[in-house]
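Novice: I would like the atomic coordinates for the input below:
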Amino acid sequence: MLQVDQRQLGNTGIRVPALGVGIWSWGEKGFWGYGKSYTREDVTQAYQACLAAGLNFFDTAEVYGNGESERILGECLRQDGQPILIASKFAPLPTRLSAKALLTALDKTLERLGVSTIDLYQIHWPYTFLSIDALMDALAEAVRAKKVRAVGVSNYNAQQMRQAHARLARYGIPLASNQVHYSLLHRKPEANGVLDVCRELQVTLIAYSPLEQGLLTGKFRPGVEQLRPAFPRSLQKAYRSNELEKMEPLFQVLERAAQAHDKTVGQVALNWLLNKDSLIIPIPGAKTQKQAQQNAEALGWRLSSEEQAEIAKAAEKWVK
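Specialist: Modelled structure (predicted):
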């Protein structure tokens, strides 16, 4: 496993690669088409390619593939044997009316992964009958039981982050991270206060969908590749409305930067996000060996400040 740039996970002292690996697609048949367009062997090769590139921080969740993502990651870990860092998430479903359900769900996650401790355990979303305080209390109990090294949240707004941070502080536990949607085209964390609060409280921002589920790789530009039925509605809608044709000026700017650095458009988009702040850790997905290798190439170089600004300006019209 190669050494790559490391970033600290909040104030926990845990260091992880600057680029993580999102594995929502591993075992997810309904949305991603696992078993059809890519196989278990593809996923194994993606895992091995990630480790070879020094990317050993994997983000999963109990709801991904109904637990299959966690099971596959655990199998890969046992087969390969190299140490990795694992993040997973608790789903606060309406049927879970007690925060104690988190401890039961955590045990099942650990069982699927085949480990006794998880590096980062997160609340998947804030919309629940369970209070933030109760959930943080349960996470603190998990830390005390040494089943969890660090705790985080996902999709929390700025105020919810502050509440979670304050509750955990009662136990002397830092809020390690907030995992939110963040990319060149989706910059709400910059406008809604989440990025500012992350900076203030020294909380890592884990950026999911940093390539907009493939859109920012350039592979869906008109005439390049047609969409498969499993792809997100947003991309399907963009194709039907010819929005991608209108976005061509942005892709041209990304392409120029890519050529200047001998990189791909997707690697430029990831590097742009990596350069925004050292507390940001993007977690692009990797279903195949090629995707894993391409993601890794976003590290080890840097866009100039002029390129960074030019790309941001070109994307302004499309930012959400």
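
Novice: And stretch 63-75, what's buried?
Specialist: Val63, Tyr64, Gly65, Gly67, Glu68, Ser69, Glu70, Arg71, Ile72, Leu73, Gly74, Glu75 (16 or more other C-beta atoms under 10 Å). For glycine as for every other residue, the C-beta is placed from the backbone atoms N, C-alpha and C.

Novice: Which residue ranges of this protein form strands?
Specialist: In the chain, the segments counted as strands under DSSP state E are 6-8, 15-17, 21-22, 57-59, 85-90, 118-123, 148-154, 175-181, 204-208, 280-282.

Novice: just these: most buried one?
Specialist: Ranked by mean neighbour count under mean count of other C-beta atoms under 10 Å, the strands of the chain are led by strand 21-22, which reaches a mean of 28.

Novice: Just list what that one packs against, helices and strands only.
Specialist: Other helices and strands packing on strand 21-22, by 3 or more C-beta pairs under 8 Å, 6 or more residues apart in numbering; DSSP states H and E, are strand 57-59.

Novice: Quickly run through the sheet partners of the strand it packs on, with directions.
Specialist: As defined by DSSP bridges, the strand partners of strand 57-59 come to strand 21-22 (parallel), strand 85-90 (parallel).

Novice: Turn the ones you listed into TSV, columns for distance to Gly54.
Specialist: Below are these laid out as TSV (distance: least, C-beta to C-beta, whole Å):
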stretch	distance to Gly54
strand 21-22	11
strand 85-90	12
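
Novice: Compare the ones you listed and give me the one nearest Ala191.
Specialist: When the strands paired with strand 57-59 are compared by C-beta to C-beta, strand 21-22 sits nearest Ala191, at 23.2 Å.

Novice: Now do the closest one, average pLDDT.
Specialist: On average, the pLDDT along strand 21-22 is 98.

Novice: Asp42 - nearest residue in space that isn't next to it in sequence?
Specialist: Using C-beta to C-beta, 6 or more residues apart in numbering and skipping residues adjacent in sequence, the residue nearest Asp42 is Thr288, 4.8 Å away.

Novice: Contacts only, for Gln163.
Specialist: Ile132, Asp133 (C-beta atoms under 8 Å, 6 or more residues apart in numbering).

Novice: And it, how far from Met136?
Specialist: 8 Å (C-beta to C-beta, to the nearest Å).

Novice: Could you dump the strands of the chain into CSV with distance to Lys313 added?
Specialist: Converted to CSV, these look like this (distance: least, C-beta to C-beta, whole Å):
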stretch, distance to Lys313
strand 6-8, 27
strand 15-17, 29
strand 21-22, 28
strand 57-59, 31
strand 85-90, 33
strand 118-123, 33
strand 148-154, 30
strand 175-181, 21
strand 204-208, 20
strand 280-282, 20
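
Novice: Is it correct that the residue nearest to Asp42 is in contact with Arg40?
Specialist: No. In this structure, Thr288 is not within contact of Arg40 by C-beta atoms under 8 Å, at 11.8 Å.

Novice: neighbour-wise, which of the two wins?
Specialist: Thr288 (18 against 14; other C-beta atoms under 10 Å).
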